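# Sharing a model that was predicted from the sequence below.
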Amino acid sequence: MKISKQERILIVVFLVAAIIGVGIFVFILPNFNKISDNNKQLASVNKQYADINKQLEHESTIDNEISQAYEDGKNLADKFFNDLTEYEADEIMRKFIANGKDITIDGLTISPFNAGTFRIGIFTHRGNISSQGLCQYRR
């Protein structure tokens, strides 16, 4: 069976179209996916770059912020009370106990300064202890 010249041209055109189609699916489409992935990665890296630049801009003002915080701390320190001596703390506790009603002390010691928590208890008429909550103290 002989193939005419028109049929040969048609077969060549279909073969060329098939080769071009396969080339597109094999070479070009995967690269489009890579381009999409690279664009996402580029956006991520650009965001990291912007964040680093923002941190570097903040670095120039850190010295001023530290100085300001130090000054604020110095001003705030004036609002705190001085530490009490053991004698002053003992005197304050004795006055508190003397002015209080139904206060009994099982034991009281004055020691160097440290922090802790204690519970205040009040005796009711039946002898039960009613807790008033936790208080912070320094000793």
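Everything's here; your move.

# going forward, measure contacts and count neighbours with C-alpha atoms only.
Fine.

# Show me the strands in the protein, by range?
115-123, 129-138 (DSSP state E).

# Can you flag the weakest of those strands by average pLDDT?
Ranked by mean pLDDT, those end with strand 129-138 at the bottom, a mean of 45.

# show me what contacts residue 15?
By CA atoms under 8 Å, 6 or more residues apart in numbering, the contact list for residue 15 is empty.

# my bad, should have said residue 106
Residues counted as contacts of residue 106 (CA under 8 Å, 6+ apart): none.

# Check what pLDDT it gets.
Looking at residue 106, its pLDDT stands at 72.

# same question, residue 35
pLDDT for residue 35: 87.

# Same check on residue 41?
Note for residue 41: predicted pLDDT of 94.

# Same check on the one 3 residues further on?
At residue 44, the pLDDT value in this model is 95.

# can you tell me how far it sits from residue 76?
43 Å (CA to CA, to the nearest Å).

# biggest helix in the protein, by residue count?
helix 29-77 (DSSP state H).

# chain center to that one: distance?
On the basis of CA atoms, centre = their mean, to the nearest Å, helix 29-77 sits 16 Å off its chain's mean C-alpha point.

# same check, this time on stretch 26-45
34 Å.

# measure residue 53 to residue 63 for me?
Taking CA to CA, one finds residue 53 at 18 Å from residue 63.

# Any idea which helix or strand in the protein has the lowest mean pLDDT?
Lowest on mean pLDDT, DSSP states H and E among the helices and strands of the chain sits strand 129-138, with a mean of 45.

# Could you tell me which ranges of this structure sit under the pLDDT cut-off?
When residues are selected by pLDDT under 70, those of the chain lie in 1, 77-82, 105, 108, 110-139.

# now do 50
Residue ranges of the chain with pLDDT under 50: 127-139.
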